[in-house]
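K.L.:
After the sequence you'll find the predicted model.
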Amino acid sequence: MTATISNTQERFLSKPTFARIFEILQRRGYQVIGPTLDQEAIVYDRIDSIEDLPRGWTDEQEPGRYRLEKRDDDSLFGYVVGPHSWKRFLFPPTAKLAEANKTEAGWQFQTSDDDPPNYAFLGVRACELAAMRIQDRVFLAGPYVDANYQRRRTSALVIAVNCTQAASTCFCTSMGSGPACTSGFDLALTELPDGFVLEAATSEGEEILAELETAEASIEQLQSAQVARQRAVDQIERHLDTTDIRDLLLSNLEHPRWDDVAERCLSCTNCTMVCPTCFCSSVEEVSDLAHERVERVRHWDSCFNIDFSYVNGGNARDDIRSRYRQWLTHKLSSWHDQFGTSGCVGCGRCLTWCPVGIDLTEEVAAIRGDTS
Amino acid sequence: MDTNQLRFVLEELSFSADLPAAFLSQLAVDATLEQAPAGGLLFREGSQNDNLYLVRSGRLALEMNVLGRGAVRILTLGPGEMVGWSSLLNEGKMTASAVAVEDTEVVVAPADKLRALSEANHDFGFHLMRQMAAALSMRLVATRFQLLDLFADSSPTTSDSPTERDG
Amino acid sequence: MSTSPAAPTPPAHAAAHPWLAQTVTIREIRPEVEGVATYGLEFQDEAVRAAYRFAPGQFNMLYLPGAGEIAISVSDDPENRSSCAHTIRVVGNVTRTLAAMQVGETLGLRGPFGTSWPLSECIGRDVVLVAGGIGLAPLRPAIYTLLRDRRQFGRINLLFGARSPDTLLYADQFDDWSQQGMIVHTTVDRSAPGWMGSVGAVTILLERLHSFDPRNTVLLCCGPEVMMKFTVMTALHRGLSPEQIWVSMERNMQCAVGLCGHCQLGPEFICKDGPVFRYDRLAPIMDVEGL
């Protein structure tokens, strides 16, 4: 992303012309990553043309349920978020960190810097922009910086999409993270039936806009875009009461609700895999047969894994109750102490992808003592 | 040692220091200060003993006889600590032997006098029992500690890092 | 009074590449008590050797390629510039692999990491060090530092508990330490023939400690977590405030730089917010089971 600019004028682009964006991005050296259909879900993967987008599809989501349905229009972005998040490109599921080689002078060590493509993220939602900001604090703002994350993050182009609908699992409004995209992008789009209203926020965004041959957006188009964005707000039906949530959870570590959720939770780690802010990882040794060259490979891990908290011959969190409590109190409470914000962006993925449909907004409400 | 001097000794020792002044004065009348040379036996496990002992200086060891292992030293006691509580609480049968590890001075308080004092004045009794309970509670916690065997080696089959258990 | 003292700023190369290990050679292997040995490690690169500094209480990640890494507190004198001693107990695969290595072999070292004992806060005050078992190893650098500038501090007492008389770590140094002005009190859980010292839990040593002024004392504690909890309880009972008590915590440390998530205890990352903590910071979470 390049430097932000202000006072941008909103432009309009027709649907057919939008297809050109791929070629423009590719010419600029980007590999485009965006939503596409795969195994009955909308995932993020490399896409090369407008044909790869899930035109005319939408998603129906509930705790523990995800289905794709055909729309009665040909919207390109008429859905919300799926099981993938952009963290799989910024903080990849596996990454080689370092290498050790046995020489005559003993073991010699070097770090491995990966050489990722320049990504253009097409279709980033507001909650995902918030999640990237949160992961920036984790990986870039501490005393130790993750160089691989930094490289990928600074070279990535972000084309955001304003949501024009909400899933039943969404609660971004409670977390102050959406549904409107306000910052953190190069370009932001709002889809209308016949095209897009676009806004550039950086000089690179402006350049791409210029190449796209847009027109000045009319009052009607701006109003339609506003109405479309409002639809997303109006459709939000789930809420998380975040009043004093940091203290609420940390002063209720022995609440009976933890026993209750432990009866349902399978400790399957789905929530941590789909969560756009979860960052736990483990490092594995990968050795050649002669044991003379050993790679250190980092891969995603999860606090729900049984031996995640292994210490001194046993697991510090030896039951599901303590592991679930760890995940939720970290996400909603301790994250404030550690990074100054909540760890949750209200994307609803953990509700949708939980096989037993655990809804953290309900769990928090129960601890707060509210009735549903 | 005269009563006044004994009174001062009682005021010093952590077991008795917090007891009410009147109680200490009375106790000083009935108690005596005795010497146990290094290696000397204060009382034998299983014997009848009708005294409460407060260590003033030196060190006592409690030992229990275990078949095949002989006298096993289970605890040592230093200044301010109390031993012989069985004399006050049950029929006075000692649960361990008390041996002086080095030259030791103890304040000896006859249990029958303590019982009489407590019966005659329930306030005294309350304070005495409270001190006993506090001392025994601490002893119990410390014993549990020894039981936990915290400094033993971990089982050799455990691994110190989960990644290597993956093979 | 400050909370956990900040670790010294990591050297530039460490902050940029937290995963880069430095080659170290095993210069000495000193058997201590059963299952425990002290490894003297020397950096192969002279510039790294000259630049390496650690503060008492900090730890290094020792890396055996193919086997894995372990977090080990440095147990050496911080003024020792030639090699760096680590006292290690064999508990699993990595330590067993290390135990099979010889002098002259190499491994990797990343560090130092973590917070350190608040020695500057001990100036002009009495210091009580309470150690249990191998917990004496992370305290030894503090002992070297305190005794080097003995006159800066008040009374220094070491209360050390071990399983049995033959597992008293660093016993051959106790006389030296006594002569240098630290009173060494020891106790064992299980006696052995010929042992004339204390028998009983190490908390009793603290309960029994005379010449103790709670208003002007700093207490540093390291050992199994249960032992630390009870030591803290005893210390509070004897009149110390939570701000006068420091403990060294342990959790599963992998990256050592606060990024892998494994070592969290509540909001604290043991690797970078600790391992040394002032007790008041941990008080709300230390007693919660399975946190």
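P.N.:
Great, that's in hand. A quick note: this is a predicted structure, and the numbers were derived from the prediction, not measured.
K.L.:
so where's chain B shaky on pLDDT?
P.N.:
B:90, B:153-167 (pLDDT under 70).
K.L.:
Can the top helix by length along it be said to contact chain A?
P.N.:
For chain B, the helix with the greatest residue count under DSSP state H is helix B:122-148. No: Helix B:122-148 does not reach chain A (Cβ under 8 Å from any Cβ of the partner chain); its nearest approach is 13.0 Å. Where C-beta positions appear, they are placed from N, C-alpha and C, glycine not excepted.
K.L.:
partner residues bridging residue A:38?
P.N.:
For residue A:38, the beta-bridge partners are residue A:41 (DSSP bridges).
K.L.:
doesn't residue A:45 make contact with it?
P.N.:
Yes: with contacts counted by Cβ atoms under 8 Å, residue A:38 reaches residue A:45, the gap being 6.6 Å.
K.L.:
Excluding sequence neighbours, find me the nearest residue to residue B:58.
P.N.:
residue B:104 (2.9 Å; Cβ to Cβ, 6 or more residues apart in numbering or on different chains).
K.L.:
give me phi/psi at the one you found?
P.N.:
With angles defined as degrees, to the nearest 10, residue B:104 sits at phi -130, psi 140.
K.L.:
Spell out which residues of the stretch 151-300 of chain A are next to chain C.
P.N.:
So far as Cβ under 8 Å from any Cβ goes, the stretch 151-300 of chain A lies against chain C at A:250, A:253-254, A:279-283, A:285, A:287, A:291, A:294, A:296.
K.L.:
Selection in PyMOL covering whichever of these are buried, please.
P.N.:
Buried residues among those (16 or more other Cβ atoms under 10 Å in any protein chain shown), as a PyMOL selection:
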select buried, chain A and resi 250+253+279+280+281+282+283+285+294+296
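K.L.:
Mind putting the residues of the stretch 151-300 of chain A next to chain C into TSV with secondary structure, distance to residue C:268 and pLDDT?
P.N.:
Shown next, in TSV, are those (DSSP: H, G, I helix; E, B strand; the rest coil; distance: Cβ to Cβ, whole Å; pLDDT from 0 to 100):
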residue	secondary structure	distance to residue C:268	pLDDT
A:250	helix	12	93
A:253	coil	14	94
A:254	coil	19	93
A:279	coil	16	97
A:280	coil	15	97
A:281	strand	19	97
A:282	strand	20	96
A:283	strand	21	95
A:285	strand	28	95
A:287	strand	34	94
A:291	coil	37	91
A:294	strand	31	96
A:296	strand	26	95
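K.L.:
Greatest separation within the residues of the stretch 151-300 of chain A next to chain C: which pair is it?
P.N.:
Greatest spacing in these, by Cβ to Cβ: A:254 and A:291 (48.0 Å).
K.L.:
Return the list of helices and strands in contact with the longest helix of chain B.
P.N.:
helix B:21-30, strand B:70-77, helix B:86-89, helix B:111-120, helix C:202-208, helix C:225-237 (3 or more Cβ pairs under 8 Å, 6 or more residues apart in numbering or on different chains; DSSP states H and E).
K.L.:
Repeat the analysis, applying 6 Å as the threshold.
P.N.:
helix B:111-120 (3 or more Cβ pairs under 6 Å, 6 or more residues apart in numbering or on different chains; DSSP states H and E).
K.L.:
by contact count, what packs against the helix it packs on?
P.N.:
Helix B:111-120 packs on helix B:122-148, going by 3+ Cβ pairs under 6 Å, 6+ apart.
K.L.:
ok and the helix it packs on relative to helix C:225-237, angle-wise?
P.N.:
Counting by axes from the mean of the first three to the mean of the last three Cα atoms, to 10 degrees, helix B:122-148 lies at 150 degrees to helix C:225-237.
K.L.:
between helix B:122-148 and strand B:70-77, how big is the angle?
P.N.:
120 degrees.
K.L.:
Next, the angle from helix B:122-148 to helix B:21-30.
P.N.:
80 degrees.
K.L.:
quick one: buried residues of helix B:122-148?
P.N.:
Of the residues in helix B:122-148, those buried (16+ other Cβ under 10 Å) are B:124-125, B:127-128, B:131-132, B:135, B:138-139, B:141-142, B:145-146.
K.L.:
Please apply the same query to stretch C:20-39.
P.N.:
Buried residues in stretch C:20-39 (16+ other Cβ under 10 Å): C:21-26, C:29, C:32-33, C:35-39.
K.L.:
try stretch A:225-233
P.N.:
A:225, A:228-229, A:232.
K.L.:
Check the offset of it from the chain's centre.
P.N.:
Relative to its parent chain, stretch A:225-233 has a centroid offset of 22 Å by Cα atoms, centre = their mean, to the nearest Å.
K.L.:
pLDDT (mean, whole number) over that stretch?
P.N.:
For stretch A:225-233, the mean pLDDT works out to 97.
K.L.:
what do you get for stretch C:84-104?
P.N.:
95.
K.L.:
Please say whether there is contact between it and chain B.
P.N.:
Yes: using Cβ under 6 Å from any Cβ of the partner chain, stretch C:84-104 reaches chain B at C:91-95.
K.L.:
between those, which is nearest chain B?
P.N.:
Within the residues of stretch C:84-104 next to chain B, the smallest distance to chain B is 3.1 Å, found for residue C:92 (Cβ to the nearest Cβ).
K.L.:
What is the neighbour count of residue A:97?
P.N.:
Residues lying near residue A:97 (other Cβ atoms under 10 Å in any protein chain shown) number 22.
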